[in-house]
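Asks: Could you look at this predicted model? Sequence included:
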Amino acid sequence: DAKTTQPPSMDCAEGRAANLPCNHSTISGNEYVYWYRQIHSQGPQYIIHGLKNNETNEMASLIITEDRKSSTLILPHATLRDTAVYYCIVRVATWYIFGTGTRLKVLA
Amino acid sequence: DGGITQSPKYLFRKEGQNVTLSCEQNLNHDAMYWYRQDPGQGLRLIYYSQIVNDFQKGDIAEGYSVSREKKESFPLTVTSAQKNPTAFYLCASSIGASGGLADTQYFGPGTRLTVL
């Protein structure tokens, strides 16, 4: 079973920030949180990952709570091309365990 | 271009036939993975390989086989024993053990297999 819980869907207005939450209450101290997104019928695209500090790259920011039981992916200025399924993953052992993700729809 | 290639993008086979899906990477990664995705679902691990000539079963290995004779190649065979093979198949690779706990996987474009 996936170690993460995400809302099944969210909408966001184009140009606004998209904040995607993820709960991972059973995460262990050395397990990283990864975010990927998947546009229909394509392979998942890596976005960002983190352990306990907030992280930022050219695509997004990742905010991890101090107790590490939840995190939020922030797309600062969502565009129509950001419409996709977003997966929050806790890496267990050698591979990932995927849940069903959040379907983000960016509205014009 | 560096990356992971999967071919073909779409594949049709008759029931009872074995079929092999190709996965090649030129990222010099040690580890490679095969996942299966059904409609509306997340990805499930079929097999993974941490190094050449070694591979391990994932959660849903029954009816599938793999080989890892070369670092850059990790073909997946869907056998006739797989009861419901129609799905989207994704290959991934990562640095491997030397990447430590933050070893990031990168995915190919996928192959959509339909068994008629």
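Replies: Great, that's in hand. Numbers count the residues shown, from 1 in each chain, chains lettered A, B, ... in the order given.
Asks: Spit out the contact partners of the residue of chain A found nearest chain B.
Replies: Minimum separation of chain A from chain B (CB to the nearest CB) falls at A:Phe98, amounting to 3.2 Å. Bear in mind the C-beta positions are built from the backbone N, C-alpha and C, glycine included. Each residue near A:Phe98 by CB atoms under 8 Å, 6 or more residues apart in numbering or on different chains is listed here: A:Ala2, A:Tyr87, A:Ile89, B:Tyr35, B:Gly42, B:Leu43, B:Arg44.
Asks: Contact partners for the fifth one?
Replies: Counting by CB under 8 Å, 6+ apart, B:Gly42 touches A:Ala2, A:Tyr87, A:Phe98, A:Gly99, A:Thr100, A:Gly101.
Asks: If any of those residues are buried, give me the ChimeraX selection for them.
Replies: The ChimeraX command for the buried members of the contacts of B:Gly42 (criterion: 16 or more other CB atoms under 10 Å in any protein chain shown) is given here:
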select /A:2,87,98,99,101
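Asks: so which of the contacts of B:Gly42 comes closest to B:Asn18?
Replies: Lowest distance from B:Asn18 to the contacts of B:Gly42 (CB to CB) belongs to A:Phe98, with 26.6 Å.
Asks: Leaving out sequence neighbours, find the closest residue to that closest one.
Replies: Nearest-residue entry for A:Phe98: B:Gly42, 3.2 Å, with adjacent residues in sequence omitted and distances by CB to CB, 6 or more residues apart in numbering or on different chains.
Asks: Which ones among the contacts of B:Gly42 lie within strands?
Replies: When those are checked against strands using DSSP state E, the ones located there are A:Tyr87.
Asks: Go through the contacts of B:Gly42 and name the one nearest B:Phe88.
Replies: Proximity of these to B:Phe88, judged by CB to CB, is greatest for A:Phe98, which lies at 12.6 Å.
Asks: I'd like to know which residues of chain B are adjacent to chain A.
Replies: Within chain B, the positions adjacent to chain A are B:4, B:6, B:31, B:33, B:35, B:40-45, B:48, B:50, B:56, B:58, B:88, B:90, B:92, B:101-110, B:112 by CB under 8 Å from any CB of the partner chain.
Asks: Now with 6 Å, please.
Replies: On the criterion CB under 6 Å from any CB of the partner chain, chain A has as its neighbours in chain B the residues B:Gly42, B:Leu43, B:Leu45, B:Tyr48, B:Leu90, B:Leu101, B:Ala102, B:Thr104, B:Phe107, B:Gly108, B:Pro109, B:Gly110.
Asks: neighbour-wise, which of the residues you listed leads?
Replies: Tallying neighbours with other CB atoms under 10 Å in any protein chain shown puts B:Leu43 at the head of the residues of chain B next to chain A, with 28 neighbours.
Asks: which residues does that one bridge with?
Replies: When bridges are taken as DSSP bridges, the partners of B:Leu43 come out as B:Gln37.
Asks: so what's it up against?
Replies: By CB atoms under 6 Å, 6 or more residues apart in numbering or on different chains, the contact set of B:Leu43 is A:Phe98, B:Tyr35, B:Gln37.
Asks: looking at it, B:Ser65 is touching B:Thr77, isn't it?
Replies: Yes - the pair formed by B:Ser65 and B:Thr77 meets the contact definition of CB atoms under 6 Å, at 4.7 Å.
Asks: mind listing the strands for chain B?
Replies: Listed in chain order, the strands found in chain B under DSSP E are B:4-7, B:10-13, B:19-25, B:31-37, B:43-51, B:54-57, B:64-66, B:76-78, B:87-94, B:106-107, B:111-115.
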